[in-house]
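Trainee: turn this into a model:
(chains A and B)
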Amino acid sequence: LAKTTQPISMDSYEGQEVNITCSHNNIATNDYITWYQQFPSQGPRFIIQGYKTKVTNEVASLFIPADRKSSTLSLPRVSLSDTAVYYCLVGDERSSASKIIFGSGTRLSIRP
Amino acid sequence: DSGVTQTPKHLITATGQRVTLRCSPRSGDLSVYWYQQSLDQGLQFLIQYYNGEERAKGNILERFSAQQFPDLHSELNLSSLELGDSALYFCASSAGTTSGELFFGEGSRLTVL
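Mentor: Now for the predicted structure:
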């Protein structure tokens, strides 16, 4: 069961690029890395998923080094509306949900 | 809008009471998951159903039970409520038996007084 470690909180300013790093030292060969975003009093929302190297979509980029023991979620030019909790999850897509741990996430605060 | 519908959005009740939370998954999704989120516990997986059958179980108390009906909607029953059961309860759905991408509802906020 791959455990993840990410910063409890981060602060940034509007227009900046924000990088949130997640450590997952015991990631397994079949595990994917998935990031969710959660606004206050709302359910988490899928942002991005990757296996290795770099993945980019309209919301974020995900950078995964060759050893896959960490990953970095990059949010370009953040705005106030990006203030949320970001969760890094590691697991095999075939895994039971009971094995996918959300953890405490990173509370990102964006200031004007 | 994730397509997952949860009712009620808010619920206030007393200790010892019983409540039922309801979830309608996204159209076509066969799996329903229940999560509990309280201030000091983060998002905790409770239970998963797939096409009417229990698929995986997490940290669900014996006082709690769930089921998924033939029309795929699910209900989470919480009984003998305690103050510590106050939390946000989220339902999520996915297409298959394993987690993949989960689509979450907006949650049901339960307050036990």
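Trainee: now chain A against chain B: closest residue?
Mentor: Closest residue of chain A to chain B, C-beta to the nearest C-beta: A:Gly43 (2.7 Å). In this view, the C-beta of every residue, glycine as well, is placed from N, C-alpha and C.
Trainee: that residue is in what secondary structure piece?
Mentor: Using DSSP states H and E, A:Gly43 sits within no helix or strand.
Trainee: how about it, nearest residue that isn't a chain neighbour?
Mentor: In space, and not counting its chain neighbours, A:Gly43 is closest to B:Phe104: 2.7 Å by C-beta to C-beta, 6 or more residues apart in numbering or on different chains.
Trainee: likewise A:Ala66?
Mentor: Setting aside the residues directly before and after it, A:Ala66 is nearest to A:Lys52 in space (C-beta to C-beta, 6+ apart), at 7.3 Å.
Trainee: okay, now residue 79: neighbour count?
Mentor: Using chain A. Residues lying near A:Ser79 (other C-beta atoms under 10 Å in any protein chain shown) number 11.
Trainee: other chain: chain B
Mentor: Close neighbours of B:Ser79, defined as other C-beta under 10 Å, add up to 15.
Trainee: what's the answer for B:His10, then?
Mentor: As a burial measure, B:His10 scores 9 neighbours (other C-beta under 10 Å).
Trainee: that one touches B:Ser108, doesn't it?
Mentor: Yes. Using C-beta atoms under 8 Å, B:His10 makes contact with B:Ser108 at a distance of 7.4 Å.
Trainee: so the residue nearest to A:Gly43 bridges to which residues?
Mentor: Beta bridges link B:Phe104 to B:Ala92 when assigned by DSSP bridges.
Trainee: can you check the one 5 residues further on too?
Mentor: Counting by DSSP bridges, B:Arg109 forms beta bridges with B:His10, B:Leu88.
Trainee: isn't it up against B:Thr13?
Mentor: No. Counting by C-beta under 8 Å, B:Arg109 stays clear of B:Thr13, with 11.6 Å between them.
Trainee: now do the same for B:Gly3: helix, strand or coil?
Mentor: Taking DSSP: H, G, I helix; E, B strand; the rest coil as the rule, one finds B:Gly3 in the coil state.
Trainee: got the residues of chain B near chain A?
Mentor: Residues of chain B lying close to chain A by C-beta under 8 Å from any C-beta of the partner chain are B:2, B:4, B:31, B:33, B:35, B:42-43, B:45, B:48, B:55-58, B:88, B:90, B:92, B:98-107, B:109.
Trainee: and whatever residue of chain B ends up closest to chain A, how many neighbours?
Mentor: For chain B and chain A, the shortest gap (C-beta to the nearest C-beta) falls at B:Phe104, measuring 2.7 Å. Residues near B:Phe104, counting by other C-beta under 10 Å, number 22.
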